[in-house]
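Peer 1: Okay, sequence plus prediction incoming.
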Amino acid sequence: MSSFGTRNLNRTYRRLVLLTDILIIALAIAISFFVMRVDIDTTYVEASGEGILKLTLSPLNRALVIGIFWVFQLKFFESRNAEIIGEGPEEYKRIVKASFSVFALLGLASLLFKLDFSRLFIIFAMASGTLLLVISRLAWRALVRREHSKGRYLNGAAIAGSAKSITEMVLRLQASRGSALGPKLLIAINPEEVDQLRQLGLPVTVYVDDLAEALASHDASTLILLDSNFFNSSRLRDVSWKLENLEIKILVTPNLTRTAVPRVNARISAGILFLSIATASFEGTRYLLKQGFDFVAAIIFTLLASPIMLVTALLIKLTSRGPIFFLQRRNGKNGEEFRMIKFRSMVVGAEALHEKLQAEKQATLTNSNMYKDPQDPRITKIGRFIRRFSIDELPQLFNVLRGEMSLVGPRPPLPSEVAQYTEQDHRRLLVKPGLTGAWQVSGRSLLTWDETVQIDLEYVENWSLAGDLIIILKTVKAILTARGSY
């Protein structure tokens, strides 16, 4: 598809997302009316501000005001901005911020103008609406990423830089399932590297001062500039000037590790653009919120899962000799050991065979540091089923309630795995391990050790409540598909 067609698609996509937002907000408010049993015809509220303003609002009119204001706040927080829509966590964070701002500002309006809004009504509407908005954006994102993974509706990208940096970027974009950027043209800043770049199977040209013709001929709507030493401020300025009459988006990539990206903010001082990298923090208000969320959610999940856990306990007891639960030493926050609780899915004495089986299978394991074998002979028949759908993990909810684990976090490692940790790997122990986490929803046992560490480190340094909610939602899909679970 041409760049023009892609831009039209992007506009259509944003309009469809706006329509979905409006429908969801209307649905959330309607559900709140039903649950709170509000009479839309007879109840009226008068609002006044010390004689300055006096309003009479029926519940239906109040709902309309809340709905319009909510849609406006989603726009104000740029939750449908073309730069972030469909891109993931930043989009969801803006939805959460916009929704909570509605609640806060309505509370302020109630105080100033003595509006008797039902707080329970607003809280219920905000909670259900925010959750549904995030789920809808997840659904839209999944649809678009699926199309991107098939090579459809991509933004054609021209990539300029050294052969090494271009190769890394191309491989990264191609490996990223659902990326909106599709490499169309490679621009070598060193003419002698042209032949090397041709091995990537894409058109290659040499950098010239005016790239407009080359970009147009290859239908590229995005120009990615690598190697900041070459693309200094004056050359970057010249490139932007040459392309200013074209609808070309210019992206400049600083040489930063991916774990720092969400903590990077642009800052201008003395007319100079700086990138400010916030120091990772592992204490404070954010983590108090996380602990509160863990405790409340764990209670709810435990109550919901109790029938499944009771049936599982009965089946384990009836089909194999040994205890119902399996307690295993794991390392938690700061390396402190605790007993992790699981439903027993293996024969009695299976733990003693762990190192022997790992040594025998070392050459064939995807993840050499963690022994995960789909044909593990120690697993019982019931154990194979409950492991497939992660039912054996449910008792870890009690570890969460005891404060030893979090609902979302890095995988809880065995002491034998920690003994093999590098200095970088030890950063996984800066937070509590999780019942689920980024590792679990990204392939689990199908990942290599380096991939597992990178995913966990990225989570540790860039945790957010919105990100945790997304991982919990993705966990449901991972459990149902059972991908990488054995």
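Peer 2: Thanks, I have it.
Peer 1: can you list the domains in this structure?
Peer 2: The record assigns the chain these domain ranges, following automatic domain parsing: 3-149, 155-255, 285-481.
Peer 1: Would you single out the least confident of these?
Peer 2: In terms of mean pLDDT, the lowest-scoring of the domains of the chain is domain 3-149 (a mean of 75).
Peer 1: so can I have TSV of the domains of the chain showing mean neighbour count?
Peer 2: Backbone N, C-alpha and C define where each C-beta goes, glycine included. Shown next, in TSV, are the domains of the chain (neighbours: other Cβ atoms under 10 Å):
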stretch	mean neighbour count
domain 3-149	16
domain 155-255	16
domain 285-481	17
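Peer 1: ok, L251 - contacts?
Peer 2: Going by Cβ atoms under 8 Å, 6 or more residues apart in numbering, L251 touches 222-225.
Peer 1: Among these, which one sits closest to K97?
Peer 2: T222 (27.6 Å; Cβ to Cβ).
Peer 1: isn't that closest one right up against K249?
Peer 2: Yes. Taking contacts as Cβ atoms under 8 Å, T222 lies within contact range of K249: 4.7 Å.
Peer 1: Give me the common contacts of these two.
Peer 2: N155.
Peer 1: quick one: the strands in the stretch 51-200 of the chain?
Peer 2: Applying DSSP state E, counting those that start in this stretch to the stretch 51-200 of the chain gives strands spanning 54-57, 155-161, 181-188.
Peer 1: Out of these, which is closest to G434?
Peer 2: strand 181-188 (30.9 Å).
Peer 1: who does that closest one touch, helix- and strand-wise?
Peer 2: Contact analysis of strand 181-188 by 3 or more Cβ pairs under 8 Å, 6 or more residues apart in numbering; DSSP states H and E lists strand 155-161, helix 163-175, helix 194-198, strand 204-206, helix 212-217 as its packing neighbours.
Peer 1: can you redo those as TSV with distance to L138?
Peer 2: As requested, the helices and strands packed on strand 181-188 are exported to TSV (distance: least, Cβ to Cβ, whole Å):
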stretch	distance to L138
strand 155-161	21
helix 163-175	22
helix 194-198	37
strand 204-206	38
helix 212-217	33
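Peer 1: And those: which comes nearest S416?
Peer 2: Comparing those by Cβ to Cβ, helix 163-175 comes nearest, at 30.7 Å.
Peer 1: so the closest one versus strand 181-188, what angle?
Peer 2: Put simply, helix 163-175 runs at 170 degrees to strand 181-188, going by axes from the mean of the first three to the mean of the last three Cα atoms, to 10 degrees.
Peer 1: Could you export helix 163-175 as CSV, CA atoms only?
Peer 2: C-alpha atoms of helix 163-175 as CSV (Å, rounded to 0.1, in the frame of the first residue of the first chain):
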residue,chain,number,x,y,z
ALA,A,163,26.2,-0.7,7.7
LYS,A,164,26.4,-2.0,11.3
SER,A,165,23.7,0.3,12.7
ILE,A,166,21.4,-0.2,9.7
THR,A,167,21.7,-4.0,9.9
GLU,A,168,20.8,-3.9,13.6
MET,A,169,17.8,-1.7,12.9
VAL,A,170,16.5,-3.8,10.0
LEU,A,171,16.8,-7.0,12.0
ARG,A,172,15.1,-5.4,15.0
LEU,A,173,12.2,-4.1,12.9
GLN,A,174,11.8,-7.5,11.1
ALA,A,175,11.9,-9.4,14.4
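Peer 1: Output the contacting helices and strands for it.
Peer 2: Applying 3+ Cβ pairs under 8 Å, 6+ apart, we find helix 163-175 packed against strand 155-161, strand 181-188, helix 194-198.
Peer 1: isn't there a strand covering L435?
Peer 2: Yes. In this structure, L435 lies within a strand as judged by DSSP: H, G, I helix; E, B strand; the rest coil.
Peer 1: quick one: it from M169, how far?
Peer 2: Per Cβ to Cβ, to the nearest Å, L435 is found 36 Å from M169.
Peer 1: likewise V102?
Peer 2: Going from V102 to M169 by Cβ to Cβ gives 40 Å.
Peer 1: And for F100?
Peer 2: From F100 to M169 the distance is 37 Å (Cβ to Cβ).
Peer 1: With Q396 instead?
Peer 2: Distance from Q396 to M169, by Cβ to Cβ: 39 Å.
Peer 1: Next: L304.
Peer 2: 44 Å.
Peer 1: Identify the bridge partners of the nearest residue to D227 once chain neighbours are set aside.
Peer 2: Distances taken as Cβ to Cβ, 6 or more residues apart in numbering put G161 closest to D227, at 4.4 Å, once the chain neighbours are dropped. On the basis of DSSP bridges, G161 is bridged to A188.
Peer 1: ok now do G161, which residues does it touch?
Peer 2: Here G161 is in contact with 169, 187, 189, 225-227, 230-231 (Cβ under 8 Å, 6+ apart).
Peer 1: farthest-separated two in these?
Peer 2: Greatest spacing in the contacts of G161, by Cβ to Cβ: M169 and F230 (14.4 Å).
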